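J.: sequence first, then the predicted structure:
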Amino acid sequence: MSSSRKHHFDIHSTCISGHYCLKSAISFSVLLAFSFLVLFLWYPPTRTNISSRIHSHYNHKPPKLKLCKENFSVYIYDLPTKFNLGLLGDCLNLNIHRNMCPHVANQGLGQPFSGWPGLGWYATNQFTSEMLFHARLENHRCRTLDPEAATLFYVPFYGGLHASSKVREANLSERDALAVELAEYVVRQPWWRRRGGGDHFLVLGRTAWDFLRKRDGGQETGATCLLNLPAVQNMSVLTVERNPWQGSNQHGIPYPSYFHPSTSDEMLTWQKLIARANRPHLFSFVGAPRTGIQKAAVRDEIILQCAESSECNLLKCGNGNGNCNDPRRVLGVMTASRFCLQAPGDSFTRRSTFDSMVAGCVPVFFSPHTAYSQYGWYFPGDPSAYSVFIDYEGKGNGSEKRVDIEEELRKIPEERVERMRKTVIGLIPRVSYLHPNSTDNEMSDAIDVAIRALSKQQAQAEAA
């Protein structure tokens, strides 16, 4: 390996293979099978459903709370389980496109994977932030068990998982029933009346559009009406994508990526590793084509330009190829690229934005609503400090001059690229979700950023 590539990740080199003696393997298998038969006959199995196994991951006994050095404290409502953990018992039907059982395991982290440098890597689904918030706040150092002492009240409703399970329900009253019941439950609580819900918040793992159902040209858009309920409009709503125009009580939070360290040492080790990674590709794109006039035009043009450029690494998703379902392939492309293109997907935002930042790759945006109007709590006020913006809205359909992406990126001086990459790597802790069981008080993550921002917002509201 040449010295210029000595720090470049090769995920294939970390794969482990072994050779086993056939005779020994057969003997061991026979012995193992006989042992299981004896155990089965002597100790008949007991039935344990998925829900009970999932519940065991959470703390039902009051945790030993660590010293909180903040000027806020969070009380977690003990909701009936039908609003959160009880939904997980039907994990096979939580999403119409995939079996969510592997993804809701490990408190929403999903399945751990190996063959990648460092610790804390999980194949986390992009829609599990509501679970990650719940699990981490259960053990958070600033959680209080006394509602009288609380400055913030967290309502742990898994609204995103519920909405995705009901999206094909024809009966709209049935589709909305649990959301309506949640609102009715919360407003009956004595702590709600203290500030009319102004100090309450909930977290949604899907975009705001999934909870803003309305009639559009005779068609119903959005899965449920949750965000249209008056009680919920009084609360703060943390969601992976807010409505940029009418979401005054909505606040954007990062999509979960794959990195969930438990300690600050694990975080620092990863940051140092990617800071010196070799990046042979100028830019890359990970994604699939989209339908719809505007989305299809931008996506198709980006994919075309990437495919035509010797400087671009293209990882196409879709058509059952599974390319983007392997975190190692996704991260492998991004860690080898200086810039990562972030075209809008089914909506404005992309989980890929946060994957690229974890990989130390400078994001390139084509709509201001992919990040700039979404994640004000998390990113610097100057977008040029950590990203590149190419105004591609309305382009790519022949009506205006084609923008050459490679040419635009080549114009950026190398010194500025290095500064942007350093900023991106420095942002990794605040856009990551720590392992829910982390006890490292020195490291702040996406959840800490959100709670501090909510506390500041609440203090300003009380002072007004």
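T.: Cool, got the structure.
J.: every contact and neighbour count from this point should use C-alpha atoms.
T.: OK.
J.: where along the stretch 351-464 of the chain do the helices fall?
T.: 352-358, 405-410, 414-431, 446-463 (DSSP state H, counting those that start in this stretch).
J.: so how many other residues sit close to Pro327?
T.: The number of residues packed near Pro327 is 18, by other C-alpha atoms under 10 Å.
J.: now it: how far from Met131?
T.: Distance of Pro327 to Met131, given as C-alpha to C-alpha, to the nearest Å: 20 Å.
J.: tell me the SS of the residue sitting nearest the centre point of the chain?
T.: The chain has Pro256 as the residue nearest its centroid, 1.9 Å off, counting by C-alpha atoms, centre = their mean. Secondary structure for Pro256, judged by DSSP: H, G, I helix; E, B strand; the rest coil, is coil.
J.: contacting residues around it?
T.: Residues counted as contacts of Pro256 (C-alpha atoms under 8 Å, 6 or more residues apart in numbering) are Thr124, Asn125, Gln126, Phe127, Thr128, Ser129, Arg351, Phe354, Ser432, Tyr433.
J.: check it and give its pLDDT.
T.: According to the predicted model, the pLDDT of Pro256 comes to 98.
J.: with Arg213 instead?
T.: So, for Arg213, pLDDT stands at 87.
J.: pretty sure it is in contact with Leu229, am I right?
T.: No: Arg213 is beyond contact range of Leu229, at 10.8 Å (criterion: C-alpha atoms under 8 Å).
J.: next, format the contacts of Pro256 as TSV and append distance to Asp440.
T.: Listed next are the contacts of Pro256 as TSV, based on distance: C-alpha to C-alpha, whole Å:
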residue	distance to Asp440
Thr124	21
Asn125	24
Gln126	24
Phe127	25
Thr128	22
Ser129	20
Arg351	26
Phe354	22
Ser432	14
Tyr433	13
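J.: the more surrounded of Arg213 and Leu229?
T.: Between Arg213 and Leu229, counting by other C-alpha under 10 Å, Arg213 is the more crowded of the two (20 against 14).
J.: so how far is Val237 from the spatially closest residue to that one that is not a sequence neighbour?
T.: Closest residue to Arg213 apart from its sequence neighbours, by C-alpha to C-alpha, 6 or more residues apart in numbering: Gly222 at 4.1 Å. In this view, Gly222 and Val237 are 16 Å apart by C-alpha to C-alpha.
J.: most tightly packed of the helices of the stretch 351-464 of the chain?
T.: helix 352-358 (a mean of 25; mean count of other C-alpha atoms under 10 Å).
J.: I'd say Arg279 and Phe339 touch.
T.: No: using C-alpha under 8 Å, Arg279 is not in contact with Phe339, being 9.5 Å away.
J.: more neighbours, the two?
T.: Neighbour totals were compared for Arg279 and Phe339, and Phe339 leads with 26 against 21 (other C-alpha under 10 Å).
J.: who does the more buried one bridge with?
T.: Beta-bridge partners for Phe339, by DSSP bridges, are Phe283, Val362.
J.: and the gap between it and Tyr185?
T.: Phe339 is 47 Å from Tyr185, where distance means C-alpha to C-alpha.
J.: Met235 against Asp199, yeah?
T.: Yes: between Met235 and Asp199 there is a contact at 6.9 Å, judged by C-alpha under 8 Å.
J.: what sits in contact with each of these two?
T.: Common neighbours of Met235 and Asp199 (C-alpha under 8 Å, 6+ apart) do not exist.
J.: with neighbour numbers in mind, choose between the two.
T.: Set Met235 next to Asp199 and count neighbours by other C-alpha under 10 Å: Asp199 wins out with 25 against 22.
J.: can you pull the contacts of the nearest residue in space to that one that is not next to it in sequence?
T.: Distance criterion C-alpha to C-alpha, 6+ apart; nearest residue to Asp199, sequence neighbours excluded, is Leu152 at 5.2 Å. If you count contacts by C-alpha under 8 Å, 6+ apart, Leu152 has them with Phe72, Ser73, Val74, Tyr75, Asp199, His200, Phe201, Leu454, Ser455.
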